[in-house]
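Engineer: Structure for this input, please:
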Amino acid sequence: MDILLIFAIGITVFLTIALLSAPVLLKPSPEAERLLEVVTSSRDDKRTVRSKEVMQETILRIGRDLRARLGMAENEKLKKRLIEAGMRDKSTLDIFFAVQIVMPLLGGFAGSFIPVNTAFWVFACAVVGYMSPDFWLTKKTAARRKRIRRSIPDALDLLTICVDAGLGLDQAMLRVGAELSVSHPDINEELTQVNLEQRAGKPRMEAWQALADRTQLEEFKAFVSMLIQTDKFGTPILKALNQFSEEIRMKRRQHAEEAASKTKIKIIFPLVICIFPCIFIVLLAPAIISISSGFKSMGQ
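Structural biologist: Presented below is the predicted three-dimensional model:
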């Protein structure tokens, strides 16, 4: 007992001395105090936090906590899909994971209000809630690819004009992205990403190959192959761009002709379901009315 008492007194004395000497021992140097004075701002932060930011931060915190508690690592495949959809923010993965957790709960809660066969509807609404974020991400990715595909011919024409005017390929790419930033913001984001990767030290072909992998478009894959062949065999880049632009325009024209040909078959279904019944009613209704009135007069 005496040994424990002496040990406790010694620990108490040591902690007391440490707390009293901490302000002296941990005092910053004059250089550190000077740097702190320089970087410290006396201006009041008058920025107001919006409700949208508070909600986003709450969802993000829920996603991080759930992931930490469940011990789940980052899904590289999901991260790649988010990048393909144009969502490159670091917090996007956590937000998407949180939404995948919250949506089934909301769906099950909504299904609990159905009085008939409640258990089935709770399970069905929870499954729909779990699948809805993935369905939304797939639709968003497909829509973004479609927008990029439509903007490729215009981007290639502008790129050809810029290279013909004397700009290099990288400078022409930046100019094309700036010109298309309003009409085609998606391809502007991709071209800006390529430029940033090249500035970071990635070779040009690898940056363009990464662009083709992100977008998963055949046009960009063919464009990268064209650039590789041009660089390998020494073909003039302007001539290759002109030829490639003509090929893209021809494919776009063929795709439009194919879509126009399909409309002849697609229009049959609305004709049969919507238009033909109305035509039959207009044509046959007067005859049916006259025949029925004739039978009534004969019966009388």
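Engineer: need the helices for the stretch 151-300 of the chain, in chain order.
Structural biologist: With helices called from DSSP state H, counting those that start in this stretch, the stretch 151-300 of the chain shows them at 169-179, 185-199, 204-215, 218-233, 237-266, 268-270, 276-299.
Engineer: could I get those as JSON lines with mean pLDDT?
Structural biologist: Shown next, in JSON lines, are these (pLDDT from 0 to 100):
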{"stretch": "helix 169-179", "mean pLDDT": "84"}
{"stretch": "helix 185-199", "mean pLDDT": "86"}
{"stretch": "helix 204-215", "mean pLDDT": "83"}
{"stretch": "helix 218-233", "mean pLDDT": "81"}
{"stretch": "helix 237-266", "mean pLDDT": "82"}
{"stretch": "helix 268-270", "mean pLDDT": "80"}
{"stretch": "helix 276-299", "mean pLDDT": "79"}
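Engineer: Would you tell me which of those helices gets closest to Leu158?
Structural biologist: Closest approach to Leu158 among the helices of the stretch 151-300 of the chain is made by helix 169-179 (4.6 Å; CB to CB). Every C-beta, even on glycine, is put in place using the N, C-alpha and C of the backbone.
Engineer: Quick check: which ranges of the stretch 1-150 of the chain have low pLDDT?
Structural biologist: Per-residue confidence for the stretch 1-150 of the chain (pLDDT under 70) gives these ranges: 1-2, 4-5, 7-8, 15, 18-29, 31-32, 35-36, 38-57, 59-75.
Engineer: Strands of that one, residue ranges please.
Structural biologist: Taking DSSP state E, counting those that start in this stretch as the criterion, the stretch 1-150 of the chain contains no strands.
Engineer: which residues does the residue most central in space within the chain contact?
Structural biologist: In the chain, the residue lying closest to the centroid (CA atoms, centre = their mean) is Ala85, at 2.9 Å. Ala85 is in contact with 137, 140-141, 144, counting by CB atoms under 8 Å, 6 or more residues apart in numbering.
Engineer: Phe109 versus that one, what's the distance?
Structural biologist: Ala85 sits at a distance of 28 Å from Phe109 (criterion: CB to CB, to the nearest Å).
Engineer: Now stretch 243-263: buried residues?
Structural biologist: Of all the residues in stretch 243-263, those buried under the rule 16 or more other CB atoms under 10 Å are 244-245, 248.
Engineer: now swap in stretch 190-201 and tell me
Structural biologist: Here stretch 190-201 shows 190-191, 193-195, 197-198 as buried, counting by 16+ other CB under 10 Å.
Engineer: next one: stretch 144-153
Structural biologist: Using 16+ other CB under 10 Å as the test for burial, stretch 144-153 gives 144-145, 148-149, 151-153.
Engineer: ok, of these, which one's closest to Leu211?
Structural biologist: Ile148 (10.1 Å).
Engineer: Please list all residues in contact with that closest one.
Structural biologist: Counted by CB under 8 Å, 6+ apart, Ile148 has contacts 184, 186-187, 190, 215, 217.
Engineer: hmm, 6 Å instead?
Structural biologist: 186-187, 215 (CB atoms under 6 Å, 6 or more residues apart in numbering).
Engineer: now those in a markdown table, with neighbour count?
Structural biologist: Putting the contacts of Ile148 into a markdown table (neighbours: other CB atoms under 10 Å) gives the following:
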| residue | neighbour count |
| --- | --- |
| Asp186 | 19 |
| Ile187 | 24 |
| Thr215 | 22 |
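Engineer: I figured Gly177 hits Gln193, correct?
Structural biologist: No. In this structure Gly177 lies outside contact range of Gln193 using CB atoms under 6 Å: 9.8 Å.
Engineer: Can you work out which residues contact both of the two?
Structural biologist: In contact with both Gly177 and Gln193: no residue, using CB under 6 Å, 6+ apart.
Engineer: Domain ranges for this protein, per the record?
Structural biologist: Per automatic domain parsing, the structural domains of the chain span 52-143, 144-264.
Engineer: Counting neighbours, what do you get for Phe120?
Structural biologist: Neighbour count of Phe120, defined by other CB atoms under 10 Å: 11.
Engineer: again, but for Glu84
Structural biologist: Glu84 has 18 neighbours, counted by other CB under 10 Å.
Engineer: try the one 5 residues further on
Structural biologist: Residues near Asp89, counting by other CB under 10 Å, number 9.
Engineer: Now it: phi and psi?
Structural biologist: When read as degrees, to the nearest 10, the backbone of Asp89 gives phi -70, psi 150.
Engineer: show me the contacts for it.
Structural biologist: So Asp89 contacts nothing (CB under 6 Å, 6+ apart).
Engineer: switch the cut-off to 10 Å
Structural biologist: 82, 95 (CB atoms under 10 Å, 6 or more residues apart in numbering).
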